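Undergrad: predicted model and sequence below, questions to follow.
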Amino acid sequence: MKELKAKMLREMNNNDLMKKLQELQSSLLNERAMSTMGGSPHNPGKIKSLRRQIARIKTVLKEKGVRI
């Protein structure tokens, strides 16, 4: 998955940002579940990356004045 930069996120509309946020949150949930069940992640940095992308989206939404 490609990193989402703040510049790209600011160009997206609110609906797309909300959809992307939901998608990333479900992906993070799946990754955490796999690591909790004892499975070794094939990409150990993915959880950190997902958390940062979610934070970026939330920041951009807050800048735009959208309540989450």
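TA: Structure received. Residues are numbered from 1 along each chain as shown.
Undergrad: now do the contacts for the residue lying closest to R51 once chain neighbours are set aside.
TA: Closest residue in space to R51, ignoring its immediate chain neighbours: L28 at 6.7 Å, by CB to CB, 6 or more residues apart in numbering. Where you see a C-beta, it was placed from the backbone N, CA and C, and this is true even at glycine. By CB atoms under 8 Å, 6 or more residues apart in numbering, L28 lies in contact with 47, 50-51, 54.
Undergrad: now do the helices in this structure.
TA: For the chain, the helices defined by DSSP state H occupy 6-11, 14-36, 46-64.
Undergrad: chain center to the second one: distance?
TA: The chain centroid and the centroid of helix 14-36 are separated by 6 Å, computed with CA atoms, centre = their mean, to the nearest Å.
Undergrad: pLDDT of that helix, averaged?
TA: For helix 14-36, the mean pLDDT works out to 94.
Undergrad: relative to helix 46-64, how tilted is it?
TA: Relative orientation of helix 14-36 and helix 46-64, computed by axes from the mean of the first three to the mean of the last three CA atoms, to 10 degrees: 150 degrees.
Undergrad: flag every buried residue along helix 14-36.
TA: 17, 20-21, 24, 27-28, 31 (16 or more other CB atoms under 10 Å).
Undergrad: what's the answer for the shortest one, then?
TA: Of the residues in helix 6-11, those buried by neighbour count under the rule 16+ other CB under 10 Å are L9.
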